[in-house]
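# Okay, predicted coordinates and the sequence, questions at the end:
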Amino acid sequence: MVQDANDSSTEAGKSADEGLPPATKQWAFLPIAIALALVDRLGKWHATQTLEVGERAPLFGDLVALANLPAASSALGLFSGWGPSAQLGGFAVLSLIAITIIVSFYRGLAPGEHGSAAALGAILGGIASNGVDRFRYGSGLDFLHFGAASSESLPDFNLADVAIVVGVVTLIVELLATEMAARASERPRG
């Protein structure tokens, strides 16, 4: 009887995520990866169906333009001097390494780290969608442009790029916040 009372008090002290299978602890990871990749693919499909290669058209007045442009850069200029087949192989290896790292980080998350899981999912979705471009078109595909369609002052981009950047920034902010909280808890009070 005493054991049962201890078990119930222990159960009451657990967080809502404890005791769940690992896949449900950070529910946002895979749905966000899939949703971002699908929305990015849909945007790219729409751009390729409605615009000629190299063309831009106003989407929201002079704020955002729809574009159908091969990506000007390739993963921060990596593999730029390589032939097309070698570039594709290099990107494949780089993507596999990145995906392996993302999945290992995801598996190491503590229960309840939904923000980190969502950020990792965003990065994974962005890498997956940009990877499809590399294999399908031989380069990335940008379908959005800030500013008027005729302006050249801002770069073209796609949602996969945005997802990767937002995911990385989110992870950095969470890491810094966690580190600051840990340091604050170590300071002597008084």
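Arrived safely. Everything numeric in this text was worked out from a predicted model, so none of it was measured.

# nearest residue to Leu30 other than its sequence neighbours?
Among residues not flanking Leu30 along the chain, Gly121 sits closest, at 6.5 Å (CB to CB, 6 or more residues apart in numbering). The C-beta positions use only the backbone N, C-alpha and C, and glycine is treated the same way.

# so where's this protein uncertain?
1-26, 72-78, 190 (pLDDT under 70).

# Where do the helices of it begin and end?
Secondary structure of the chain by DSSP state H: the helices cover 2-13, 22-25, 29-50, 84-107, 114-137, 159-186.

# hey, which of those is tucked in deepest?
Ranked by mean neighbour count, those are led by helix 114-137 with a mean of 22 (mean count of other CB atoms under 10 Å).

# quick one, it and helix 29-50 angle?
40 degrees (axes from the mean of the first three to the mean of the last three CA atoms, to 10 degrees).

# Next, format the helices of the chain as a markdown table and append distance to Ala149.
What follows is those, written out as a markdown table (distance: least, CB to CB, whole Å):
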| stretch | distance to Ala149 |
| --- | --- |
| helix 2-13 | 58 |
| helix 22-25 | 44 |
| helix 29-50 | 12 |
| helix 84-107 | 29 |
| helix 114-137 | 21 |
| helix 159-186 | 18 |
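
# And those helices: which comes nearest His145?
Among those, helix 29-50 comes nearest to His145, with 10.4 Å by CB to CB.

# any idea of the angle that closest one forms with helix 84-107?
Using the same axes, to 10 degrees: helix 29-50 against helix 84-107 is 150 degrees.

# now for stretch 107-121, what's the gap between its first and last residues?
12 Å (CA to CA, to the nearest Å).

# One more: stretch 101-114?
End-to-end for stretch 101-114, by CA to CA: 18 Å.

# And stretch 69-86, by the same measure?
22 Å.

# got the contact list for Trp27?
114, 117 (CB atoms under 8 Å, 6 or more residues apart in numbering).

# Look up how far Gly81 lies from the residue nearest to the spatial centre of the chain.
Residue closest to the average C-alpha location in the chain (CA atoms, centre = their mean): Ile123, at 2.0 Å. Plainly put, Ile123 is 27 Å away from Gly81 if you go by CB to CB, to the nearest Å.
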